[in-house]
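Chemist: just the structure for this:
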Amino acid sequence: MESTPLLGREREYNDVLRFIEERLLLLHCKSLFVFGACGSGKTSTVLRAVRRVTHRVMTHDKPAGRSSSGNCRSRVTDGGESRRETKTPSTNGSRKGQSAKRPRGSDGALSRSEGNGTTSAPAGGDISLGGTGIAAQSDTADMFPRLFGNGRRVQCHYVNCADMNARQLSEAITETLLKAKTRSDAHTRALCDLIECLPKKIAASRGSGYGNARRLSEKQSEACCPASTITKSTMKTMLHVLVLDEVEYLRTASRGVLAALAEISVENASHLALIFISNHREFVHVPHALLKELPFEAYSVNMLESIGNQIVASADLTRKEKDHIRLSPGLIAYIARKTLVEFSGDVRQVSVMCRRIIHTAAQDGVPADSCGAGYPTNTTRDDKERAGAMISSEKCTANPVALVTLAHSQKVLSGPAAVGDRVFEYVAAMPEQMLYVLSCLVVLTLRQQKDSNLKKTSVGGVSSSGRRSKVAAESSLATYAMGTVGSVAPGTFTIRAVHRLYTVLMGQQRFPSMNAAGISSAIDGFADIGIISRPQRRGNEEVFSFNGTWTLESMQAALVARGEALRQERMKCGVDSAENRFEEVMRELKGILTLW
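Modeler: Below you'll find the model as predicted:
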């Protein structure tokens with residue numbers, strides 16, 4: 001949902017741009033504090049705003065293993081697509097002249113990505129959600145002329161602070177500042193030096209908290225007064241806008257680094273601006289006088305219904321599947337009310353439930369008796385669009401239609417009960433590569449359970465050889481452990497750890513393997529089914545976990561059954577000595593993790 005434009009956040013979107021322009025003009029040296037309930041679109045809106053103004057693509061949006069080039073200039077649109085402008089000797093002069101005449105706000109690719117996803121729907125029967133964001137596209141550049149003009153450049157950065165300590169946070173900030181540019185200027189290097197020294201300064205000054213509070217209180221007067229005027233040297237420097245997300249989940253002993261960062265932002269007002277994002281309003285780590293608040297109100301039922309319609313209309317289905325899937329009138333409205341009552345208006349739950357219904361309808365194909373069973377004859381086209389119905393303009397044919405009614409949605413949206421007893425059915429229909437990823441998750445969970453039990457046992461009576469074997473077993477798992485995320489319960493993983501184990505497995509078995517994008521797609525597929533949680537960013541990692549829908553025993557049995565079915569198919573083709581592939585895969589994974 002971070003890269004998905006959301007409806008109803010035009011005001012907050014403009015407020016973020018206004019804050020960046022104020023810091024660009026040195027009108028104040030405050031930091032922006034964005035707060036609101038979970039799933040209210042805070043991160044999505046802030047990221048969309050900073051992607052709009054950033055000079056180079058953010059480190060957070062860069063593909064793994066690639067860095068920005070000195071000859072290329074990238075911009076990331078709100079949907080995550082990048083547009084590269086390669087400078088060549090023949091066109092360098094002409095493009096330079098064009099950029100002087102045309103402000104950044106008039107860029108075609110960026111203007112199309114402006115707004116909140118409320119542009120007209122593409123061809124193919126998708127739902128049109130109106131054009132409230134179209135007017136904002138043409139007004140944004142006029143509202144902030146200095147921000148989208150040819151003045152100072154703005155480079156934006158994003159860091160998730162969840163479960164980080166002071167050292168990890170300072171390293172993550174320094175890394176993203178340095179990776180954003182090929183050649184760092186003197187001011188950027190000075191900022192990195194200051195941020196790198198923060199953990200040591202905080203550790204050395206823990207006993208003198210009164211002195212730190214006194215120094216910060218002296219800075220509060222500067223927050224209420226304009227900073228120094230813009231000089232010629234200031235115009236040549238770049239303003240770094242640093243977005244720190246989930247600051248309330250920063251480790252308790254390390255929260256002093258946020259106050260230290262705010263102090264650096266005050267002292268270097270022309271070079272660093274901070275945006276804090278939190279789910280709680282109580283933000284006591286930074287003095288209130290140094291903050292400019294931006295609240296995000298909870299979504300209403302009508303807005304949640306509009307977002308649900310948008311998700312249904314943009315479902316990744318073929319034309320044939322769209323023609324054969326219909327949603328009962330009022331289903332999206334029911335999902336919106338359910339989200340507001342049970343999940344406090346978390347828009348991410350709307351996305352999960354809508355996609356689960358579409359996925360289940362496409363996979364199961366609930367048959368409808370006739371066209372009239374899905375819609376009454378007096379239902380208008382507008383009513384169907386408001387309900388998120390995907391229906392062809394042709395008359396009903398004799399082909400079977402998957403009709404999703406309220407009664408059917410109750411079973412689909414009931415959570416684990418919907419798929420808890422269908423593990424063999426789902427595993428039998430999964431692609432083999434998804435099953436390899438599932439095997440990695442199962443064996444990783446078994447190893448985590450074993451380590452959790454070992455930590456509860458005493459080693460007082462264990463011999464030296466037993467201790468050495470235990471240390472060797474722990475070191476073998478270190479490569480596939482959670483890393484810097486901290487101690488977690490068994491069944492919690494990072495995408496990086498799963499990718500590493502999967503790559504080792506495919507190399508030893510000499511199987512064709514997927515890349516990182518394929519593994520992320522497989523994990524998203526498990527989340528769509530409902531057996532794992534949706535991956536969430538924790539620092540530099542994406543963390544997810546089993547939710548208890550399927551037990552380890554049932555998943556192992558289903559994998560073995562699928563392997564036996566594949567073996568029978570190979571035997572029919574004349575491969576008599578074929579072995580159960582997934583029994584072999586599970587055995588190989590246990591050997592990699594020394595689980596025997």
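Chemist: C-alpha only now, for contacts and for neighbours.
Modeler: Noted.
Chemist: now residue 555: closest residue in space, sequence neighbours ignored.
Modeler: residue 423 (6.9 Å; CA to CA, 6 or more residues apart in numbering).
Chemist: sec struct for residue 579, please.
Modeler: coil (DSSP: H, G, I helix; E, B strand; the rest coil).
Chemist: so what's it up against?
Modeler: residue 567 (CA atoms under 8 Å, 6 or more residues apart in numbering).
Chemist: sorry, back to before: surely the residue nearest to residue 555 and residue 554 touch.
Modeler: Yes - assessed by CA atoms under 8 Å, residue 423 is found in contact with residue 554 at 7.0 Å.
Chemist: now do residue 317, the pLDDT please.
Modeler: With respect to pLDDT, residue 317 scores 74.
Chemist: assumed it was part of a helix.
Modeler: No - counting by three-state DSSP, residue 317 is not part of a helix but coil.
Chemist: how about it, phi and psi?
Modeler: When read as degrees, to the nearest 10, the backbone of residue 317 gives phi -130, psi 150.
Chemist: repeat for residue 248
Modeler: phi -70, psi -20.
Chemist: contact partners of the helix or strand where residue 567 lies?
Modeler: Using DSSP states H and E, residue 567 sits within helix 552-572. Helix 552-572 is contacted by residues 423-424, 427-428, 435, 439, 442, 576-583 when judged by CA under 8 Å, 6+ apart.
Chemist: for the residues you listed, which PyMOL command selects only the ones that are buried?
Modeler: In PyMOL, this line selects whichever of the contacts of helix 552-572 come out buried by 16 or more other CA atoms under 10 Å:
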select buried, resi 423+424+427+428+435+439+442+579+580+581+582+583
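Chemist: just give me the closest of the contacts of helix 552-572 to residue 535.
Modeler: residue 442 (16.9 Å; CA to CA).
Chemist: any low-confidence regions in this structure?
Modeler: Within the chain, the stretches falling below the threshold (pLDDT under 70) are 1-7, 63-142, 145, 149-151, 182-184, 205-236, 363-421, 457-489, 575-578, 595-596.
Chemist: what domains does the record give for it?
Modeler: 10-296, 301-414, 424-592 (automatic domain parsing).
Chemist: is residue 544 in a bridge, and if so with what?
Modeler: Assessed by DSSP bridges, residue 544 has beta-bridge partners residue 493.
Chemist: correct me, but it touches residue 527?
Modeler: No - Residue 544 is beyond contact range of residue 527, at 9.2 Å (criterion: CA under 8 Å).
Chemist: who touches both of these two?
Modeler: Listed contacts common to residue 544 and residue 527 are 533-534; contacts here mean CA under 8 Å, 6+ apart.
Chemist: my read is that residue 13 contacts residue 45, right?
Modeler: Yes - at 5.9 Å, residue 13 and residue 45 qualify as touching, with contact defined as CA under 8 Å.
Chemist: more crowded one of the two?
Modeler: Ranked by neighbour count (other CA atoms under 10 Å), residue 13 and residue 45 place residue 45 first, with 25 against 21.
Chemist: how about the more buried one, secondary structure?
Modeler: Strictly by three-state DSSP, residue 45 counts as helix.
Chemist: next one: residue 32
Modeler: With three-state DSSP as the basis, residue 32 sits in strand.
Chemist: tally up the residues packed near it, please.
Modeler: 21.
Chemist: name all residues that make contact with it.
Modeler: Listed by CA under 8 Å, 6+ apart, the contact partners of residue 32 are 19, 274-276, 291-294.
Chemist: same question for residue 241.
Modeler: Counted by CA under 8 Å, 6+ apart, residue 241 has contacts 20, 154-157, 272-275.
Chemist: that one bridge partners, please.
Modeler: residue 156, residue 273.
Chemist: check the gap between it and residue 515 for me.
Modeler: 32 Å (CA to CA, to the nearest Å).
Chemist: now do residue 439
Modeler: According to CA to CA, residue 439 stands 17 Å off from residue 515.
Chemist: parallel or antiparallel, list what pairs with the strand or helix carrying residue 35.
Modeler: Taking DSSP H and E as the definition, residue 35 sits inside strand 31-36. For strand 31-36, the pairing partners within the sheet under DSSP bridges are strand 272-278 (parallel), strand 291-296 (parallel).
Chemist: restricting to C-alpha, output it in PDB.
Modeler: Taking C-alpha atoms only, strand 31-36 is exported to PDB below (Å, rounded to 0.1, in the frame of the first residue of the first chain):
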ATOM      1  CA  SER A  31      10.400  19.200  11.700                       C
ATOM      2  CA  LEU A  32       7.100  17.800  10.300                       C
ATOM      3  CA  PHE A  33       5.300  15.300  12.600                       C
ATOM      4  CA  VAL A  34       2.800  13.200  10.800                       C
ATOM      5  CA  PHE A  35       0.500  11.100  13.000                       C
ATOM      6  CA  GLY A  36      -2.700   9.200  12.700                       C
END
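Chemist: buried residues of that strand, list them for me.
Modeler: Neighbour counts over strand 31-36 (16+ other CA under 10 Å) mark 31-36 as buried.
Chemist: with stretch 353-363 instead?
Modeler: 353-362.
Chemist: got TSV for those, with secondary structure and distance to residue 254 too?
Modeler: Output for the buried residues of stretch 353-363, formatted as TSV (DSSP: H, G, I helix; E, B strand; the rest coil; distance: CA to CA, whole Å):
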residue	secondary structure	distance to residue 254
353	helix	37
354	helix	39
355	helix	38
356	helix	39
357	helix	42
358	helix	43
359	helix	42
360	helix	44
361	helix	47
362	helix	48
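Chemist: kindly reformat those residues as a markdown table and extend each row with distance to residue 164.
Modeler: Formatted as a markdown table, the buried residues of stretch 353-363 follow (distance: CA to CA, whole Å):
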| residue | distance to residue 164 |
| --- | --- |
| 353 | 31 |
| 354 | 33 |
| 355 | 32 |
| 356 | 33 |
| 357 | 36 |
| 358 | 37 |
| 359 | 36 |
| 360 | 38 |
| 361 | 41 |
| 362 | 41 |
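Chemist: can you say which of the contacts of residue 32 are buried?
Modeler: Buried among the contacts of residue 32 (16+ other CA under 10 Å): 19, 274-276, 291, 293-294.
Chemist: now the strands for the stretch 301-450 of the chain?
Modeler: In the stretch 301-450 of the chain, the strands defined using DSSP state E, counting those that start in this stretch lie at 325-327, 402-404.
Chemist: hang on, the earlier thing: just the CA coordinates of the helix holding residue 567, formatted as CSV?
Modeler: The C-alpha trace of helix 552-572 is given here as CSV (Å, rounded to 0.1, in the frame of the first residue of the first chain):
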residue,chain,number,x,y,z
LEU,A,552,3.4,-27.2,10.3
GLU,A,553,2.3,-30.8,10.2
SER,A,554,-0.4,-30.2,7.7
MET,A,555,1.9,-28.2,5.4
GLN,A,556,4.5,-30.9,5.5
ALA,A,557,1.9,-33.6,4.7
ALA,A,558,0.5,-31.5,1.9
LEU,A,559,4.0,-31.0,0.4
VAL,A,560,4.7,-34.7,0.6
ALA,A,561,1.4,-35.5,-1.0
ARG,A,562,2.1,-33.0,-3.9
GLY,A,563,5.5,-34.6,-4.3
GLU,A,564,3.9,-38.0,-4.5
ALA,A,565,1.5,-36.8,-7.2
LEU,A,566,4.3,-35.4,-9.2
ARG,A,567,6.2,-38.7,-8.8
GLN,A,568,3.2,-40.7,-10.1
GLU,A,569,3.1,-38.4,-13.1
ARG,A,570,6.7,-38.9,-13.9
MET,A,571,6.4,-42.7,-13.5
LYS,A,572,3.6,-42.6,-16.1
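Chemist: good, we can wrap up now.
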